[in-house]
Each structure stands twice: as C-alpha cells, then as structure tokens.
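> Quick one: sequence plus predicted model below, questions after.
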Amino acid sequence: MTAPPRVLTIAGSDSGGGAGIQADLKTMLALGAHGMSVLTAVTAQNSLGVQGAWELPVEAVRAQYRSVVDDIGVQAVKTGMLSSPELVTVVAGLLSDVAAPVVVDPVSVSKHGDKLLADDALDAVRTALLPVATVATPNLDEVAQLTGITVTDEAGMRRAAARLLTYGPRWVVVKGGHLPGEATDLLTDGEAEHWLRAPRHDNRHTHGTGCTLASAIAVGLAQGHPVPDAVCRAKDYVTAAIAAGFALGAGVGPVDHSW
Ligand code: PLP
C-alpha cells in the first residue's frame, strides 16, 4: 500500500467542529491525504460564535512541529489561526526552510466578528509569514487589514492582489465571496491571472469555508498539482461543501465534508 500524501495544518481548534483544525483534518481525509496538526490555540466555539480563546505556549507549538516534521515529514503545510505576533513569528521561522509548499490563510476575524488574530500581529503576517507562503488566501476583510485597500469590485481585487504580492507570497488568492453576485476569486502570481467563478448557493451555513479552501489547496499541492490546478480543485471542493452545509445549533452551521 502506498502512503497517502502527508499534509500538516498549523491552526486553532474549533470545539464546535466546523472550522479550524477540525475543518482542516476533515478536508484532508475527504481528499485522500493523511492530515497532521500543530495546535496553536484552543477556542470554545459553537454555531453562535467564539466564547473563549486560549493560545498555546510557543514551546508547545515548536515541539509539535518538530515531532511531525523530523519523523513523518510533510508534503504540504497550511496555516490558519495564529493568534499573536509571537506565534506568527515563530511559525514563519519554522516554515522558512521547510521543503514543501506552504498555504497561508491569514485568519484574522471569524464570520461572527470574533477576533482570531491580535491587531499588532498584522505586521508580522506581512513581513514574516507572507514571504514564506507559496499561496496566500485572504478574504476581503483580511485584504483590507493587510493592505488598507477596501475592495468593492473586480478591479479592486486586482489592485489588492498586486499589493499583497509585494509582501512576498508566490501566489495570492483574493477571495471575493463577500461581494454580491457570483462567488468570484482571483488567483495570480503577478503574471498569470485566473478568475475562479462559482454560483452563489443560497445557504447561510458556511462556517469553515476559508479553512476548508486552504486545506484543500494544500492537499492538491501535496498531490503534486501545479498551483492553478490545486486552487481550481479546491474551489470545486469548497463550493460543493457549501452547497451541502447544514444547520447545527441555533446559529450558523458548518460546510459539509461528506457529500
Ligand atoms: N475558528 C477557528 C479556529 C478558525 O481557524 C476560523 C477560521 O479560520 C474560524 C473559527 C472562523 O470560521 P468562519 O469565519 O468560517 O466562521
């Protein structure tokens, strides 16, 4: 039996099972990868939002990473909630010499408006984390925080992508899902430009979309697909997962990984 591709997520836990590490591992399993996790923070969370969050010590993050990388090895890495400037800097340092593609989801605020990244960590994201990214996947709120550009249309997405590329990621996916109309994302490395369009599903149960997209991209890269193919496949996966999203609790339910 050949082993499945090994994919590592470095991210926070969602006790409700919809986003974070839990969404990452579900995505990896669904797409045929062996998922591994370096936990950065624990959230008490459900369909109504985040009720509490606790960061793990830097040594715990380093030790988990070394355990995984030194023995098992990784064929792709995905980062999610990193919580503080210290953790952003440490994780960026660990990834600076990893021999695998890195997908950075610069998670800052949840759909409910809960803060998942300290304001003073944005600088470290720009100067330390984005430079080690093979692909960065900000949504429009994160784009505004990182670049100062408020995007309202596709021309704005193009301008924001160009600014983000100056921070050093090889490719950027500007996720336009928060704009009205089709769910349109722009993937570019400054030369190639791919507009990825999907019909908007009339389904409010979309908790975990960002984590799912970034993890699916990481799996595609670990499988050896070029970045544009990996991102297109991931977009198809997340679109189907959103269409199948279901109600859970009294608030916003998760995307589904078992369709
Ligand atoms: N909780 C954790 C631990 C996350 O990593 C994320 C997103 O990355 C969220 C919550 C927010 O998920 P959403 O904005 O899809 O509700």
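Cool, got the structure.

> Not counting sequence-adjacent ones, nearest residue to whatever residue of the chain ends up closest to the ligand?
The minimum distance from the chain to the ligand, using CB to the nearest ligand atom, falls at Gly20 (2.8 Å). Quick note: C-beta positions are derived from backbone N, CA and C, even for glycine. Distance criterion CB to CB, 6 or more residues apart in numbering; nearest residue to Gly20, sequence neighbours excluded, is Asp14 at 3.8 Å.

> Pretty sure that neighbour sits against Gln22.
Yes - judged on CB atoms under 8 Å, Asp14 makes contact with Gln22 at a distance of 5.4 Å.

> What's the separation between Glu191 and Met157?
Glu191 sits 16 Å away from Met157, taking CB to CB, to the nearest Å as the criterion.

> Which residue of those two possesses the greater neighbour count?
Remark: of Glu191 and Met157, Met157 carries more neighbours, 23 against 5, as counted by other CB atoms under 10 Å.

> Mind listing what's buried along the host helix or strand of that one?
Here Met157 sits within helix 154-165, counting by DSSP states H and E. Judged by neighbour count (16 or more other CB atoms under 10 Å), helix 154-165 contains these buried residues: 156-157, 160-161, 164-165.

> picking that back up, spit out the residues that contact Asp14 and Gln22 alike.
Gly208 (CB atoms under 8 Å, 6 or more residues apart in numbering).

> between those two, which one's more packed in?
Counting neighbours by other CB under 10 Å for Asp14 and for Gln22 shows that Asp14 has the greater number, 26 against 23.

> What sits closest to Glu86 if chain neighbours are left out?
Take Glu86 and drop its neighbours on the chain: the residue closest to it by CB to CB, 6+ apart is Val58, 5.9 Å away.

> Apologies, that question was intended for His194.
If the residues on either side of it in the chain are set aside, His194 comes closest to Leu187, at 4.3 Å by CB to CB, 6+ apart.

> would the one you found count as being in a strand?
Yes - counting by DSSP: H, G, I helix; E, B strand; the rest coil, Leu187 falls inside a strand.

> tell me the contacts of Gly168?
Counting by CB under 8 Å, 6+ apart, Gly168 touches 130-133.

> can we see that at 6 Å?
Shown in contact with Gly168 (CB atoms under 6 Å, 6 or more residues apart in numbering): 130-131.

> what's the distance between stretch 246-259 and the middle of its chain?
Distance, stretch centre to chain centre, for stretch 246-259: 18 Å (CA atoms, centre = their mean, to the nearest Å).

> got it, and stretch 25-40?
Worked out by CA atoms, centre = their mean, stretch 25-40 lies 13 Å from the chain centre.

> Same question for stretch 239-251.
18 Å.

> would you list every one of the strands in the stretch 1-150 of the chain?
For the stretch 1-150 of the chain, the strands defined by DSSP state E, counting those that start in this stretch occupy 6-14, 34-46, 49-55, 76-79, 102-104, 135-136.

> Tabulate these (TSV), appending mean pLDDT and distance to the ligand.
Formatted as TSV, those follow (pLDDT from 0 to 100; distance: least, CB to the nearest ligand atom, whole Å):
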stretch	mean pLDDT	distance to the ligand
strand 6-14	98	3
strand 34-46	98	5
strand 49-55	96	6
strand 76-79	98	10
strand 102-104	99	12
strand 135-136	98	14
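
> got the residues of the stretch 101-250 of the chain near the ligand?
The stretch 101-250 of the chain comes close to the ligand at residues 107, 110-111, 116, 207-211, as judged by CB under 6 Å from any ligand atom.

> Tell me, how many residues neighbour the residue nearest to Glu86?
Val58: 15 surrounding residues under other CB under 10 Å.

> now do the one 10 residues further on
For Val68, the tally of surrounding residues (other CB under 10 Å) stands at 18.
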